[in-house]
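1. sequence first, predicted coordinates after that:
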Amino acid sequence: MLYYEFKAQLARGDIAPLYHIEGEDKYWCELAYRDLLELSSELDTEVLRDDQPVEDAIFGVQNFPMMSDRKLAVIRDRKLKDAEIKSLEKYLLSPSPMGVILLYHCEGNAKGEKLFTFDALSEGELLPYVNRLVQEMGGSITPAAAKKLVGYTEQSMTRIKNELMKMIPLGEITEERVAEYVEPSYSYRIFDFTDAIARGSFKDAYSVLSSMARNASEYSPFFTRLTEHIRLMLHVKLAKNVPDAELAKALGVPPYPLQKAKRAAANYTSKQLLAILMKMYSLEYDYKSGNIGVENAMDLAIAEAIEARRKSD
């Protein structure tokens, strides 16, 4: 995994004069950011203000450190101008052996920088590192439990780590323990619901629904989120030849919801998904107009989706 490659390079003393950390996965980005901060002391570290020029960072890292082996300058969350990129590239021709500059979530790239892009991982990619984290924390987890934990948390490593801290003292983490101690995210329940419908299971669909919408007032937001997910399923079905990472970026959704939508959409044709989506829009209009109750609208939506699923068999 990219983070552990990054960590191994630092451990070997393979330190670059200019790092660029970016990516949509904030957990791994922040870990890498903190690791680089540890290369220097607080007195030898400068985080540039938004109004400070890049030249201040270059000048700063060329001074001798006072309390550590290296000077560190951090430039974060800004769009680099062409002149600033050229200044960095000129500095890299003869960098200070005791200086490190970090570009953190900056727009623009300098030739010669060491770039690490931490994008979100798929479920399959993430599971080995959940197991590794559990071992590092002195615990153990079953494969089924790790998969359920990743799903319940929508692959959020920050939340995964927090949940592990609660469960590890209790002994081996099993699937049952995850179900008992970890609250599934709202989105995960939506995915679970659409999976049940895609399997043609009225029983499982209503079981998930009863755990989410305990009264009529909670049906409306659930109905809206369900419609959004079905729309995502249609997009995934129509863009079947587009790589997942590219499609997720184009639609503005994380990889995990896309993966779940893709799995559920496999049970329908594009025409069926479009018909279900149009029915959802119609039912939403009807209950918001007072023509039918929202609970009746939900019943009709479930029946429509499961009937379409059965016709596709």
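-> Cool, the structure landed. No experiment lies behind these values; they were computed from the predicted model shown. Numbers count the residues shown, from 1 in each chain.

2. please count neighbours and contacts with C-alpha atoms only from this point.
-> Will do.

3. show the contacting residues for the nearest residue to Pro17 once chain neighbours are set aside.
-> Spatial nearest neighbour of Pro17, excluding adjacent residues (Cα to Cα, 6 or more residues apart in numbering): Val100 at 4.6 Å. For Val100, the contact set (Cα atoms under 8 Å, 6 or more residues apart in numbering) comprises 16-19, 61, 70-73.

4. closest to Glu228 among those residues?
-> Among the contacts of Val100, Tyr19 lies closest to Glu228 (Cα to Cα), at 38.7 Å.

5. that closest one against Ala110, yeah?
-> No. In this structure, Tyr19 is not within contact of Ala110 by Cα atoms under 8 Å, at 9.8 Å.

6. output the below-cut-off pLDDT ranges for the chain.
-> Scanning the chain with the threshold set as pLDDT under 70 gives 1, 212-216, 311-313.

7. so which strand or helix has the residue nearest to the spatial centre of it?
-> By Cα atoms, centre = their mean, the chain has its centre lying nearest to Ala120, at 4.9 Å. When elements are assigned from DSSP states H and E, Ala120 belongs to no helix and no strand.

8. one more: the one 4 residues further on?
-> The secondary structure element spanning Gly124 is helix 123-136 (assigned by DSSP H and E).

9. same for that helix, what does it pack against?
-> Other helices and strands packing on helix 123-136, by 3 or more Cα pairs under 8 Å, 6 or more residues apart in numbering; DSSP states H and E, are helix 143-152, helix 157-167.

10. deepest-packed of these, please.
-> Highest mean neighbour count among these (mean count of other Cα atoms under 10 Å): helix 143-152, with a mean of 20.

11. now that helix, how far from the chain's geometric center?
-> Here helix 143-152 shows a centroid-to-chain-centroid distance of 16 Å under the convention Cα atoms, centre = their mean, to the nearest Å.

12. then it to CSV, C-alphas only?
-> Coordinates of each C-alpha in helix 143-152 appear next as CSV, following Å, rounded to 0.1, in the frame of the first residue of the first chain:
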residue,chain,number,x,y,z
PRO,A,143,-12.3,-12.1,8.0
ALA,A,144,-16.1,-11.8,8.2
ALA,A,145,-15.9,-9.2,11.0
ALA,A,146,-13.3,-7.1,9.1
LYS,A,147,-15.6,-7.1,6.0
LYS,A,148,-18.6,-6.1,8.1
LEU,A,149,-16.7,-3.3,9.8
VAL,A,150,-15.4,-1.9,6.5
GLY,A,151,-19.0,-1.9,5.2
TYR,A,152,-20.7,-0.5,8.3
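
13. now do the contacts for Leu102.
-> With Cα under 8 Å, 6+ apart, Leu102 has these contacts: 18-21, 72-76.

14. circling back to that earlier point, between the helices and strands packed on helix 123-136, which gets nearest to Met233?
-> Among these, helix 143-152 sits nearest to Met233 (Cα to Cα), with 18.0 Å.

15. what helices and strands are in contact with that closest one?
-> Packed next to helix 143-152, using 3+ Cα pairs under 8 Å, 6+ apart, are helix 123-136, helix 175-181.
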